[in-house]
Each structure stands twice: as structure tokens, then as C-alpha cells.
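Chemist: Here is my input; please provide its structure:
(chains A and B)
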Amino acid sequence: MKKTIITVTGRDTVGIIAKVCNYLAENNVNIEDISQTILQGYFHMMMITDTSGSDKTTADLSRDLDEIGESIGVKIHCQREDIFDMMHRI
Amino acid sequence: MINIFEANETNEMIENENLDVRTITMGISLLDCVDSNLDRLNHKIYDKITTMARNLVSTGEEIEAEFGIPIVNKRISVTPIALVGGAACKTPEDFVTIAQTLDRAAHDVHVNFLGGYSALVSKGMTKADELLIRSIPMAMAKTELVCSSVNVGSTKTGINMDAVKLMGEIINSTAAATKENDCLGCAKLVVFCNAPDDNPFMAGAFHGVTEADAIINVGVSGPGVVKHALEKVRGESFEVLCETIKKTAFKVTRVGQLVAQEASRRLGVPFGIIDLSLAPTPAIGDSVSDILEEIGVESTGAPGTTAALALLNDQVKKGGVMASSYVGGLSGAFIPVSEDQGMINAVNRGSLCIEKLEAMTCVCSVGLDMIAIPGDTRSTTISGIIADEMAIGMINQKTTAVRLIPAIGKKEGDVLEFGGLLGSAPIMPVSRFGCDAFVNRPGRIPAPVHSFKN
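Modeler: The predicted structure follows:
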């Protein structure tokens, strides 16, 4: 199973989660977990998703989400889970 | 399961603290291209490089997009050209045609640099070695992406002083040949003692003869990440300081290990090593000098600097060694002057001089790096500086290197502007006392004894 982590950071505004979730649903990406918090006045959200059902590559998803983020004024990253696992787990 | 704070920490490092993979370098052996006909040799070299490395840049870009980590450079290193071109090249001009072929291949596969226009002459020079060395000024002037290195000494062989003398002259001629370009040729030329076979960093990268046909080596970076981590432990004990550097180096190296494994798998080329060096860039906050100042010296070069650097270098290695299965290359902290805004500031403040930099090179990788000196510095003086640095490497069983840039037509206090990752270099004063009689002695310095250490 290919897991990716999607993080959203920026000023809180209406419809951030809706936009991201709609895009993921259209591309057949399953959301397994969502958490969110406010850190230093900024909205932070993290989703753990399974992209194995999607036709798009992680690189394509990442580029699309980056554009969506720009259109609503937040930063969206979509990265393979491995980079976080390597860094934070032995 | 990864939590939001961990994800946030990683992305913070990438976005605000300049965490990146500095380079994926593909080492390619050119030994099977050897031919006595120069045209055929050039064809074979071009074909082999463009075939082996055709997907290097696109693969690097895919990995960048998938993992969200910048991979700043994609580079190639090749077998030292003096070995490859020996049978076909009868003049320095013949060697220059190979440099031009390498440059064309590097442009065509879109890499940032190609290293390996090199000769290994730590004990003696063959005719081919000497021809290649004499061709360096013209090769550096006629190419854009080719980097050159010459290994003139080692702990096992001693120092080839004939080569040291020659390199002093070659460095001055290379500066003269590229003087319209702020003497840029010298930024692509490095003189080594104990050069490693698997260095992914330029200008000293070459693909050693002990290596496989092709290999992927990765250099990680992250001085900004270490500096940021240390800001949180101001005033704490050495134990806390060292633990913090180790943990940070571990995290940075793990990312390098992941990228190296992925690149190796996707390109179908075996993974060689991770080079653990902290490599600065001229970007604000991406400086090794800033780390030393964060550790506690007022300005880099002040008393305490060498000890702080020794500590930093050792902790980076300790943290990194556990994070990767194969560590190699140079591994430590680089202290180039022009590529590190903190170092440039220290020179401008007057706290850092060449002699202090020489002391600092005793405890870190790699050597006197990217230092601009007055354009009227004599070749024998440059050879003397090289000999000193090579002696440090030979006696201490470590790699040392010299990359000096004589600034033709400029003097102390002026600045050379290279731009990009190479930065800008304030011209530093050099001792006005000569060493002609020493450098002009023919022969070599014998290898040192390995007992009676003190």
C-alpha cells in the first residue's frame, strides 16, 4: 500500500478541507486519518492517505495539490510517507 | 504512525532551514572506452556518459516531487581522464578535446557539473599525467561544466613536490586563462592529498579505479538545520550541545539515505555511499560559520574556532554513521569561504585569515577551499600553500585539498563575483615572504612513519 502524507499550513479560511477532500475523492485517494491543530496562529492539517487506487502518481498529485493550495492561499504538500518514517523512526 | 508535529518538523526543515540533498552524483567508469585513436575515444566517452546518465536528471526530479525534498544538483563523476586518455593523447591540446567532449555530454544530459578531468600523481607523474595537468588552463577556459582535480600526495606515498610545484604554476595560468570570467577556472580546479575515490562533491569528484562500472553517491547537507537546532540549546552543557548536533545529523542523513536508495533503484545503478558533509551555500542561514558562532565564538576565526569545528565535525559523523549503512566520500564539515556568507562576513570583519583557515582544516574536511588571493601572488608561494596543506593531510591520514583563486588584476580588499552556488570571494592577504628555494627542490617528500605518534 502506497501511503502519502498531505499537510496543509496557512491562515484558516472557509473550505480548505472541502477543496482538498473533493480533489482526493475525484482522484480515488482514500483518506485514512486526519488531524489538525493551530500552531503559532497558523492552521495545520495532516492527512494520511492511501493512493494505491489512484491513476495519478504521487508527483502528479503533489503538483495538483500545490496549485490548489496556491488558489486558496495555503501551502499544501503531498509527500510519500517514507521521508517522515526515515527521519523520525529507527 | 507519524504525527502532525513530526510532519511539521520535517517540512519546517525543508522550507525554512534549507534542508536539501546537495547532490546525486553518478560515478561512471570510462576505462572500457580506452582507445589509441582520439576520435574513437571521444565518441566512446560521449556515448557512454549520455547512455548511462540519460535518466539521471529526470529521476532526480521525480524523487524531488514525490518526497518533497529539493535535490539541488545532479552531477557526474568519471574515471580520471589521465588514465583514459593516455593511449590517445600526445599533446595537451589532445586532452582538451576530451574535456570538450565531457562538457558536451554534461550539457546534453543536463547535469550541473561533471568531475574527473583528473590525474593521480601522488608518487610520480606519467607522461599522460603531465600532459593532462598542462592542459588544465586551456580545458577550464574552453569548457563550462567540467571540473578538474589533481591528487599530489597521500599518507602512503608522501608528497610529489614536482607536481606541487607544477600545480602552483597551473593555478596561476588557469586564473589568467579565465580572467575575463573573474578567474572562474580556478573555482573548478582542486589539488588533493589522500583524495577519496567516491567523493560526490565538486570540484574534487572523480570515479576511482577501485569502483564498479557505475555507482550512485549522494551528498546531504543542512548547516541551516543544525544552526536552528542549536539556537534552542544556548548556554547548555557540551553534552547537550553534542547530543543536539548528533540527533540533527542523524535526521538529515536519513533523508539522504532514502534518496540514495530510491535513485539507485530507479536508475538500476548500485548505491555507493552517502557523504555526510555539512556543505554551506551562499544563501542566508545555510552557513557552517553561523554554526560555529552559535556554538559560542564571537566571529569565526576567533580563539576557540578550531575546537568548535572539531566538535561539530565529529558529532556530525557520529550522528550520520548510524543513519546510513555506507558512509564515505569526505564526510565532515566543509569550510569554503566564497560559498558561505558567514565566512565572507568573518573575513570582512578581520577575524578570519588564511593561516587560521589552515589550522581549521586540520580538524575537518576538506581544506583551503574557495579562497581568493591577490592576482600577483607568485606561483611558488601558491605551491608553498599547497605543500603545507598536503602535509597536514599526509601526517594526519586525512583528505585535504586546496582550491585557491588568484584574482588577476585585483588586490587585497577587492571581491570576485562568481554567482550561484560558488558565491563571491573577498580577496585575502597572503604572506609576503617567499619559499622559492623550498619549492624548487626536485623530487618528493617521503611517506611518514606510522608509529611514534605524538
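Chemist: interface residues of chain A facing chain B?
Modeler: Applying CB under 8 Å from any CB of the partner chain, one finds that chain A approaches chain B through A:5, A:7, A:9, A:33, A:35-37, A:39, A:44-46, A:48, A:57-59, A:62-63, A:77-88. Quick note: C-beta positions are derived from backbone N, CA and C, even for glycine.
Chemist: Residue B:78: how many residues sit nearby?
Modeler: The local packing of residue B:78 (other CB atoms under 10 Å in any protein chain shown) involves 30 other residues.
Chemist: Which residue is the nearest non-sequential neighbour of it?
Modeler: The spatial neighbour of residue B:78 that comes closest, neighbours along the chain excluded (CB to CB, 6 or more residues apart in numbering or on different chains), is residue B:116 at 3.6 Å.
Chemist: Low-confidence ranges, chain B, go.
Modeler: Chain B contains no residues with pLDDT under 70.
Chemist: What is the longest helix of the chain by residue count?
Modeler: All of this is about chain A. Within chain A, and with DSSP state H defining each element, the longest helix by residue count is helix A:58-72.
Chemist: oops, chain B please
Modeler: Within chain B, and with DSSP H defining each element, the longest helix by residue count is helix B:238-267.
Chemist: Who's the closest spatial neighbour of residue 64, skipping the chain neighbours?
Modeler: In the absence of a named chain, this looks at chain A. Closest residue to residue A:64 apart from its sequence neighbours, by CB to CB, 6+ apart: residue A:23 at 6.8 Å.
Chemist: try again with chain B
Modeler: With CB to CB, 6+ apart as the measure, residue B:71 is the residue that lies nearest to residue B:64, at 5.1 Å, once sequence neighbours are left out.
Chemist: Residue B:159 too?
Modeler: Of all residues beyond its chain neighbours, the one nearest residue B:159 is residue B:153 (3.6 Å), with distances taken as CB to CB, 6+ apart.
Chemist: now residue B:19
Modeler: Taking CB to CB, 6+ apart, and ignoring the residues beside it in sequence, residue B:19 has residue B:13 as its nearest neighbour in space, at 4.0 Å.
Chemist: now residue A:34
Modeler: Excluding its sequence neighbours, the residue lying closest to residue A:34 (CB to CB, 6+ apart) is residue A:47, at 5.1 Å.
Chemist: and that neighbour, that one's in a strand?
Modeler: Yes. If the criterion is DSSP: H, G, I helix; E, B strand; the rest coil, then residue A:47 is within a strand.
Chemist: now the residues of chain A next to chain B: which count as buried?
Modeler: With neighbours counted by 16 or more other CB atoms under 10 Å in any protein chain shown, those contain buried members at A:5, A:7, A:9, A:44-46, A:48, A:58-59, A:62, A:77-88.
Chemist: would you list every one of the helices in chain A?
Modeler: Defined through DSSP H, the helices belonging to chain A, from first to last, are A:16-26, A:58-72, A:82-88.
Chemist: go on, the stretch 351-454 of chain B?
Modeler: The residue ranges that make up the helices of the stretch 351-454 of chain B, judged by DSSP state H, counting those that start in this stretch, are B:354-360, B:379-396, B:436-439.
Chemist: so which of these comes closest to residue B:347?
Modeler: Of all those, it is helix B:354-360 that lies closest to residue B:347, at 9.3 Å by CB to CB.
Chemist: Residue B:132 is in contact with residue B:81, correct?
Modeler: Yes. Residue B:81 sits in contact with residue B:132 when judged by CB atoms under 8 Å, with a separation of 6.1 Å.
Chemist: So between the two, which is more surrounded?
Modeler: The neighbour count for residue B:81 versus residue B:132, taken as other CB under 10 Å, is higher for residue B:132 (32 against 27).
Chemist: Off-centre distance for the strand or helix carrying that one?
Modeler: In this assignment (DSSP states H and E), residue B:132 forms part of helix B:127-142. For helix B:127-142, the gap between its own C-alpha mean and the chain's C-alpha mean amounts to 20 Å (CA atoms, centre = their mean, to the nearest Å).
Chemist: Identify the residues contacting that helix?
Modeler: For helix B:127-142, contacts defined as CB atoms under 8 Å, 6 or more residues apart in numbering or on different chains pick out B:81-83, B:85-86, B:89-96, B:99-100, B:103, B:117-121, B:125, B:146, B:148, B:150, B:163, B:166-167, B:170, B:173-174, B:176-178, B:185-186, B:188-189.
Chemist: let's go with 7 Å and repeat that
Modeler: Outside of helix B:127-142, the residues that reach it under the criterion CB atoms under 7 Å, 6 or more residues apart in numbering or on different chains are B:81-82, B:85-86, B:89, B:91-92, B:95-96, B:99-100, B:117, B:119, B:121, B:146, B:148, B:150, B:166, B:170, B:173-174, B:177-178, B:185, B:188-189.
Chemist: would residue B:124 count as being in a helix?
Modeler: No. Remark: residue B:124 does not belong to a helix; assigned using three-state DSSP, it is coil.
Chemist: Roughly how far does it sit from residue B:167?
Modeler: Note on residue B:124: its distance to residue B:167, by CB to CB, to the nearest Å, is 15 Å.
Chemist: ditto for residue B:233
Modeler: 43 Å.
Chemist: again, but for residue B:340
Modeler: Applying CB to CB, one obtains 24 Å for the distance of residue B:340 from residue B:167.
Chemist: same deal with residue B:128?
Modeler: Distance, residue B:128 to residue B:167, using CB to CB: 16 Å.
Chemist: Settle it for me: which of the two has more neighbours?
Modeler: In this comparison of residue B:128 against residue B:167, neighbours counted by other CB under 10 Å, the higher total goes to residue B:167 at 28 against 21.
Chemist: rewinding a little: by contact count, what packs against the helix or strand following the helix holding residue B:132?
Modeler: Read in the C-terminal direction, the helix or strand following helix B:127-142 is strand B:146-154, with elements assigned using DSSP H and E. Identification of packing neighbours for strand B:146-154 by 3 or more CB pairs under 7 Å, 6 or more residues apart in numbering or on different chains; DSSP states H and E yields helix B:92-108, strand B:113-120, helix B:127-142, strand B:158-160, helix B:161-177, strand B:189-193, helix B:379-396.
Chemist: who's in contact with the nearest residue to residue B:184 once chain neighbours are set aside?
Modeler: For residue B:184, the nearest residue in space outside its immediate sequence neighbours is residue B:178; the separation is 5.2 Å by CB to CB, 6+ apart. The neighbourhood of residue B:178, defined by CB under 7 Å, 6+ apart, consists of B:140, B:141, B:184, B:185.
Chemist: Report how many residues lie close to the third one.
Modeler: Spelled out, that is residue B:184. Counted by other CB under 10 Å, the residues lying close to residue B:184 total 21.
Chemist: What values do phi and psi take at it?
Modeler: phi -60, psi -30 (degrees, to the nearest 10).
Chemist: Chain A versus the residue nearest to residue B:78, what's the distance?
Modeler: Between residue B:116 and chain A the computed distance is 31 Å (CB to the nearest CB, to the nearest Å).
Chemist: quick one: that residue and residue B:203 touch, right?
Modeler: No. At 10.3 Å, residue B:116 does not count as touching residue B:203 under the criterion of CB atoms under 7 Å.
Chemist: re earlier: deepest-packed of the helices and strands packed on strand B:146-154, please.
Modeler: For these, ranked by mean neighbour count under the definition mean count of other CB atoms under 10 Å in any protein chain shown, the leader is strand B:189-193 at a mean of 30.
Chemist: Give me the next element, helix or strand, following that strand.
Modeler: Once strand B:189-193 ends, the next helix or strand along the chain (criterion: DSSP H and E) is strand B:214-220.
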